[in-house]
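Participant: what follows is a predicted protein model with its sequence.
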Amino acid sequence: MKKTITALLLVCALAFCFCACGKKEKVKTYSKEDFAALGISLEAPEGAENLEYAVVESKANDEDLNIAQISFDYNGVKCILRGANVGEHNVSGYEEDKAQSEEQYDLNVGDYSSQIRVMQIDGKYVSIWTLGEHSYSLSAETDDSVTATSCAMDAANTNVPAAETPATTAAAE
């Protein structure tokens with residue numbers, strides 16, 4: 001009996017190490033106040049509920065990268081919004097080459113013109129876009145690309161760098 005318990009504990013410990021060692025990102029949660037005190041400028045769209053704030057420690061080109069993250073429910077969809085001041089970089093945590101489908105839309109917010117890419121990856125829709133030196137992503141747990149795109153557009157309108165007035169338009173390419 002003692003050998004069986006020891007063997008089970010060893011298997012559990014190895015399984016934990018295997019899972020934990022493969023992670024590339026560390027996530028640290030914050031209260032809304034502490035998140036704002038860090039000087040992070042990332043907001044969920046108006047009407048978002050159940051907000052949870054975090055900073056994701058990741059790597060970009062072998063350099064440490066801190067990514068702001070807000071998890072929330074929006075119009076019945078679970079979303080994760082990420083943003084970082086890193087220029088054009090995929091901050092989503094998803095690998096773009098694993099996309100089962102992809103659509104691109106014109107994105108015009110404030111003084112910025114860009115493209116928003118909406119990809120279906122691992123049963124979610126992941127949108128990525130860049131505004132100036134700010135990279136963003138929104139993953140949406142939905143099987144509807146129109147809903148996912150709408151969530152991403154609303155997030156883009158909410159997070160316009162500088163003090164510009166949002167005015168987003170989308171046109172399928």
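Facilitator: Sure thing, it's come through. Residues are numbered from 1 along each chain as shown.
Participant: now do the helices in this protein.
Facilitator: Ranges of helices in the chain, per DSSP state H, are 2-21, 32-37, 145-158.
Participant: show me what the last one is packed up against.
Facilitator: Just to be clear, that refers to helix 145-158. Other elements packing on helix 145-158 under the criterion 3 or more CB pairs under 8 Å, 6 or more residues apart in numbering; DSSP states H and E are strand 77-84, strand 101-109, strand 112-121, strand 124-131, strand 134-140. Using the backbone N, CA and C atoms, a C-beta is placed for each residue, glycine as well.
Participant: rewinding a little: ranking the helices of the chain by mean pLDDT, which is last?
Facilitator: Among the helices of the chain, helix 2-21 has the lowest mean pLDDT, at a mean of 35.
Participant: now the nearest residue to S101 once chain neighbours are set aside: how far from Y136?
Facilitator: Spatially, and ignoring its direct neighbours in sequence, S101 is nearest to Q120 (4.5 Å; CB to CB, 6 or more residues apart in numbering). Using CB to CB, to the nearest Å, one obtains 18 Å as the distance from Q120 to Y136.
Participant: more crowded one of these two?
Facilitator: Taking other CB atoms under 10 Å, Q120 and Y136 do not tie; Y136 has more neighbours (24 against 17).
Participant: how much space between the more buried one and Q100?
Facilitator: According to CB to CB, Y136 and Q100 sit 22 Å apart.
Participant: hmm, back to that, report the beta-bridge partners for the residue nearest to S101.
Facilitator: On the basis of DSSP bridges, Q120 is bridged to S101, Y125.
Participant: if I pick it, what's in contact with it?
Facilitator: By CB atoms under 8 Å, 6 or more residues apart in numbering, Q120 lies in contact with 99-102, 126, 145.
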